[in-house]
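# with the sequence up front, the predicted model follows.
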Amino acid sequence: QQQVKQSPQSLIVQKGGISIINCAYENTAFDYFPWYQQFPGKGPALLIAIRPDVSEKKEGRFTISFNKSAKQFSLHIMDSQPGDSATYFCAASMWGYQKVTFGTGTKLQVIP
Amino acid sequence: NAGVTQTPKFQVLKTGQSMTLQCAQDMNHEYMSWYRQDPGMGLRLIHYSVGAGITDQGEVPNGYNVSRSTTEDFPLRLLSAAPSQTSVYFCASTNPDRPNEQFFGPGTRLTVL
């Protein structure tokens, strides 16, 4: 049972463009939604996270948009750069709990 | 700090062989987890631990054993390797003060022939 659905599976964006990755969750008990970034040959690393008390969180060129009623959240990468090329995982968990449910991942390629 | 370390980086096994994937962290994190990463399936939790002597099963525990005798180490054992266990394995640790933020190791790529 996949509790966090992520799309698209892969994404090609031109340098300077906007990359958008979408996720939907099922478990209404989830109240912490992180995004992880993974470069080839490396482990995932926490990129940005949001809790449902806000609808948007921005850190530099990375923004999470959150829609609680639709149980959806998305990652926007503004002014995408070739260095952003990586696999991105959305995830969901309950605040204060260790167990995290990950999405299936999106491989982003930013072309010059 | 070295963070989370994993050994070996690569491993090839034959069906039926056993082995232990090593994981260590030097951040004094009480929480540790093992995940496997497969194409199109994301990261799936195998086993996790909230402290020395305490372990529990995750989403895909079959075929794997764990133990946690110290805070620093969390080894993952494959008792009888199967081709379905071909995957990339990641260990992660978490500060219980910030339990939702996972710190991942560099991974072990395992191939079972």
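Received it, and whenever you're ready, just let me know what you need.

# am I right that B:Tyr64 is in contact with B:Arg44?
No: B:Tyr64 lies out of contact with B:Arg44 (C-beta atoms under 8 Å); the separation is 11.3 Å. To be clear about C-beta, it is placed using only N, CA and C from the backbone, and glycine gets the same treatment.

# the more surrounded of the two?
Taking other C-beta atoms under 10 Å in any protein chain shown, B:Tyr64 and B:Arg44 do not tie; B:Tyr64 has more neighbours (19 against 16).

# what are the bridge partners for that one, then?
Beta bridges link B:Tyr64 to B:Leu78, judged by DSSP bridges.

# surely A:Gly83 is within a strand?
No: with DSSP: H, G, I helix; E, B strand; the rest coil as the criterion, A:Gly83 is helix rather than part of a strand.

# distance check, whichever residue of chain B sits closest to chain A against A:Ile21.
Here the residue of chain B nearest chain A is B:Phe104; by C-beta to the nearest C-beta that distance is 3.2 Å. Separation of B:Phe104 from A:Ile21 (C-beta to C-beta, to the nearest Å): 19 Å.

# now do A:Ala91
12 Å.

# who's in contact with residue 65?
No chain in the question, so chain A it is. By C-beta atoms under 8 Å, 6 or more residues apart in numbering or on different chains, A:Ser65 lies in contact with A:55-56, A:73-74, A:76.

# sorry, should have said chain B
Contacts of B:Asn65 (C-beta under 8 Å, 6+ apart): B:76-77, B:79.

# again, only using 10 Å
B:18, B:20, B:47, B:55, B:75-79 (C-beta atoms under 10 Å, 6 or more residues apart in numbering or on different chains).

# for those residues, pick the one with the most neighbours.
B:His47 (23 neighbours).

# still on that earlier bit, which neighbours do B:Tyr64 and B:Arg44 share?
B:34, B:36, B:58.

# then the first one would be within a strand, right?
If I follow you right, that is B:Trp34. Yes: counting by three-state DSSP, B:Trp34 is part of a strand.

# excluding chain neighbours, what is closest to it?
Spatial nearest neighbour of B:Trp34, chain neighbours left out: B:Ile46 (4.3 Å); criterion: C-beta to C-beta, 6 or more residues apart in numbering or on different chains.

# right, I'll leave it there.
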